[in-house]
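1. give me a model of this one.
(one chain, ligands or ions: 1)
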Amino acid sequence: MDTVVYKEPAPIADKENPFESMMQRFDIAAEMLELERGVYEYLKTPVKQVTVSIPIQMDNGEIEVFEGYRVIHNDALGPSKGGIRYAPDITLDEIKALAAWMTWKCSIANIPFGGAKGGVKCDPARLTQVELEKITRRFTANMLDVFGPDKDIPAPDMNTNEQIMAWIMDTYSMHTRRTENAVVTGKPLIIGGSLGRREATGRGVTVSTLAALAKRGMNAKQSSCAVQGFGNVGSVSAKLLGEQGIKVVAVSDVSGGYYNKKGIDVTRAMEWVQKHRTLEGSEIGDSLTNDELLELDVDVLVPAAKEDQITAKNASRLKAKIIVEGANGPTTAKADPILDSKGVLVVPDILANSGGVTVSYFEWVQDRQGYFWSLERVNRRLERMMHEAFTNVFRTAEKYNVSMRLGAYILAIDKVAKTLKVRGIYA
Ligand code: NAD
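-> I've put the predicted structure just below:
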C-alpha cells in the first residue's frame, strides 16, 4: 500500500504560525497512522471553497464591495460546522487552516459534524449597525446553496456575535419560507439558542483539568492554577476551577495580570471587568506580566487568551505540571518536544476547548427536535462527552506512546479516514 513518504521531517519554522504548527502535528500523526497517500491528500484538501462578493450601499450612499469566504474542509462525518469571523486581514489560506482545525475538533468531540470556517474581509469597528446587518444578510443570501441545517452550520467567531447569527438565521429563513433556527448556532436564547452555551468552553476546560489532575494522582483541593486571558473562556474557567477547590493564584488579560498567593477573588475580578472592560486597576493581587504568569510555580496553567504564548523561548522555564489549552494554538509546535521532555501533561486545544462546539451540537439537536433542554441536562451531557473525549485521547496517546496532543490528532484523523474508507469514493 502506498503510504506517505517523508523524505525529511518538515523543518519547524522559527516564526511559528499557529496553523502551520497545526499542520506539522497533522503530518506527524499521519505518518504514525501510516495513512495511504490518497487519503492523506484527501484530508489535506478542503472539499469546497467558496468566495463571494458582497456589494453594499453604505450609509453615505456609496457602494462598497466586500469579499466573503466559506471553506468546507471535510464533511465525511456529517454537516460541516465552524465559525464566521469578520476581520480586515483575513485570508482564504487562514480560513482553510481553521476549517481543517474544526474537522479534527468535531472528530475528537465525537459529534456528527465535519469542519468548516468562513469570514468576511471587513473592519467591523468602522461599520455602522445598519452596514453590518446589510453585509451579513447579503453574505448569507450569497451562501444559500452552501449553508443549511443538513449541510453547513455557521457559528460566531472573531468579531461576530449572537446578533449576527440571528440575522443569518432570519435571512436564510426568509429565503426558505420557514423558520430554520438549526441553520446557525450561538443564537440568542429567544430564537433557539441553548442554555449553557456561553459557559460551555470554560466548563469543558474544567472537566479536562480535573481529568488531567486525576491522571497525575493530584488532588484538586491541594492544587494551584494560573489562567491567562480573562474573556469568555478564561473567566469562566477561572470561576469553575475555583468552584472545584483549585486555588486560582493568578489571572491576566491584555492589560497585564495579578498574583495572589491566597487565591484570586474571581467573582470580584469578573465584576470589575464587566464595568471596566479589563483587569487593569482591579487590585485583586500583586501586579505581574503575562510572561511572568506563564512561568509561575503552579500545578496547572490554563492559557486562554491567544495563540503562540508558549514557545521554544519560554517552554523550558515553565513550572506547571499540567497545561490545559483553553485558547486555540497557544503552544507552538517547537515548544511541544520541550514540554514533553519535562514531563508536562498538555491537554491540547482540540480536546480541551471542544466544550463550545459540543454545546453548539446540542443547540442544533434541540432546534431540530423543537424541544429545549434544562441547563442541568446540557451541563450533565457536556461533562459526560468531555470526559469520554478525554479518555479516548488519553488511551490513544498511551497506545501510540505519544503526547496527548499527538494522541488527539491520531484519534481525529483515524476516525475521519476510516469514515472515508467505509463510505468509499463516489465516482
Ligand atoms: P475573548 O475575546 O472573550 O477574551 C480574550 C481574552 O484574552 C481577553 O481577556 C483579552 O484581554 C485577553 N488577551 C488578548 N490579548 C492578550 C495578550 N496579548 N496577553 C494576554 N491576554 C490577552 O475571547 P474568548 O472567547 O475567551 O477566546 C479566547 C481563546 O479561546 C481564543 O483562542 C479562542 O479562539 C479560543 N476559543 C474560544 C471558544 C469560545 O467558545 N469562546 C471556544 C474555543 C476556543
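2. contacts only, for the residue in the chain that the ligand sits nearest to.
-> Nearest residue of the chain to the ligand: Gly231, at 1.7 Å (Cβ to the nearest ligand atom). Using the backbone N, CA and C atoms, a C-beta is placed for each residue, glycine as well. When the contact criterion is Cβ atoms under 8 Å, 6 or more residues apart in numbering, the partners of Gly231 are 253, 304-305.
3. for the ligand, what are the nearby residues on the stretch 301-427 of the chain?
-> Proximity of the stretch 301-427 of the chain to the ligand (Cβ under 6 Å from any ligand atom) is limited to residues 304-306, 326-328, 353, 356.
4. please produce JSON lines containing those residues, extended by distance to Glu180 and secondary structure.
-> Shown next, in JSON lines, are these (distance: Cβ to Cβ, whole Å; DSSP: H, G, I helix; E, B strand; the rest coil):
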{"residue": "Ala304", "distance to Glu180": "33", "secondary structure": "coil"}
{"residue": "Ala305", "distance to Glu180": "35", "secondary structure": "coil"}
{"residue": "Lys306", "distance to Glu180": "34", "secondary structure": "coil"}
{"residue": "Gly326", "distance to Glu180": "32", "secondary structure": "coil"}
{"residue": "Ala327", "distance to Glu180": "32", "secondary structure": "coil"}
{"residue": "Asn328", "distance to Glu180": "29", "secondary structure": "coil"}
{"residue": "Asn353", "distance to Glu180": "28", "secondary structure": "coil"}
{"residue": "Gly356", "distance to Glu180": "22", "secondary structure": "helix"}
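5. what sits up against stretch 152-169?
-> With Cβ under 8 Å, 6+ apart as the contact definition, stretch 152-169 has outside contacts at 70, 72, 75, 79-87, 113, 116-119, 124, 132-133, 136-137, 140, 146-147, 180-188, 191-193, 357, 360, 364.
6. just stretch 408-421 next, same as before
-> Taking Cβ under 8 Å, 6+ apart as the rule, stretch 408-421 contacts 25-26, 28-30, 32-33, 35, 39, 42-43, 74, 76-77, 103-105, 107-108, 348, 350-351, 392-393, 396-397, 400, 402.
7. now, of those residues, which are buried?
-> Neighbour counting with 16 or more other Cβ atoms under 10 Å marks 25-26, 28-30, 32-33, 35, 39, 42-43, 74, 76-77, 103-105, 107-108, 348, 350-351, 392-393, 396-397, 402 as buried within these.
8. helices of the stretch 301-427 of the chain, residue ranges please.
-> 336-341, 349-352, 355-369, 375-400, 404-423 (DSSP state H, counting those that start in this stretch).
9. ok, now the stretch 51-200 of the chain?
-> Under DSSP H, counting those that start in this stretch, the stretch 51-200 of the chain gives helices at 92-109, 129-142, 162-176, 200-215.
10. turn the ones you listed into TSV, columns for mean pLDDT and distance to the ligand.
-> Below are the helices of the stretch 51-200 of the chain laid out as TSV (pLDDT from 0 to 100; distance: least, Cβ to the nearest ligand atom, whole Å):
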stretch	mean pLDDT	distance to the ligand
helix 92-109	93	8
helix 129-142	98	18
helix 162-176	98	12
helix 200-215	98	4
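11. distance to Met270 added to those, as a markdown table?
-> Compiled in a markdown table, these are given as follows (distance: least, Cβ to Cβ, whole Å):
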| stretch | distance to Met270 |
| --- | --- |
| helix 92-109 | 27 |
| helix 129-142 | 27 |
| helix 162-176 | 19 |
| helix 200-215 | 11 |
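12. figure out which of those helices is closest to Lys342.
-> Closest approach to Lys342 among the helices of the stretch 51-200 of the chain (Cβ to Cβ): helix 200-215, 15.2 Å.
13. what's the first helix or strand after that closest one?
-> Using DSSP states H and E, the helix or strand that follows helix 200-215 in sequence is strand 224-228.
14. quick one: the helix or strand following that following strand to helix 200-215, angle?
-> Using DSSP H and E, the helix or strand that follows strand 224-228 in sequence is helix 232-243. Following axes from the mean of the first three to the mean of the last three Cα atoms, to 10 degrees, one obtains 50 degrees for the angle between helix 232-243 and helix 200-215.
15. return the distance of helix 232-243 from the chain's centre.
-> On the basis of Cα atoms, centre = their mean, to the nearest Å, helix 232-243 sits 16 Å off its chain's mean C-alpha point.
16. would you turn the helices of the stretch 301-427 of the chain into a markdown table with mean pLDDT?
-> Listed next are those as a markdown table, based on pLDDT from 0 to 100:
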| stretch | mean pLDDT |
| --- | --- |
| helix 336-341 | 97 |
| helix 349-352 | 97 |
| helix 355-369 | 98 |
| helix 375-400 | 98 |
| helix 404-423 | 97 |
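17. most packed of the ones you listed?
-> Ranked by average neighbour count under the criterion mean count of other Cβ atoms under 10 Å, the helices of the stretch 301-427 of the chain are headed by helix 349-352 at a mean of 30.
18. what sits up against that one?
-> In contact with helix 349-352 (Cβ under 8 Å, 6+ apart) are residues 101, 104-105, 108, 204-205, 208, 324-330, 389-390, 393, 404, 408-409, 412.
19. just the C-alpha atoms of it, please, in PDB.
-> Written as PDB, here are the backbone C-alpha positions of helix 349-352 (Å, rounded to 0.1, in the frame of the first residue of the first chain):
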ATOM      1  CA  ASP A 349      -6.700  22.700  22.400                       C
ATOM      2  CA  ILE A 350      -8.600  20.500  20.000                       C
ATOM      3  CA  LEU A 351      -9.700  18.500  23.100                       C
ATOM      4  CA  ALA A 352      -9.600  21.000  26.000                       C
END
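20. please work out the average pLDDT along stretch 252-270.
-> Here stretch 252-270 scores 97 as its mean pLDDT.
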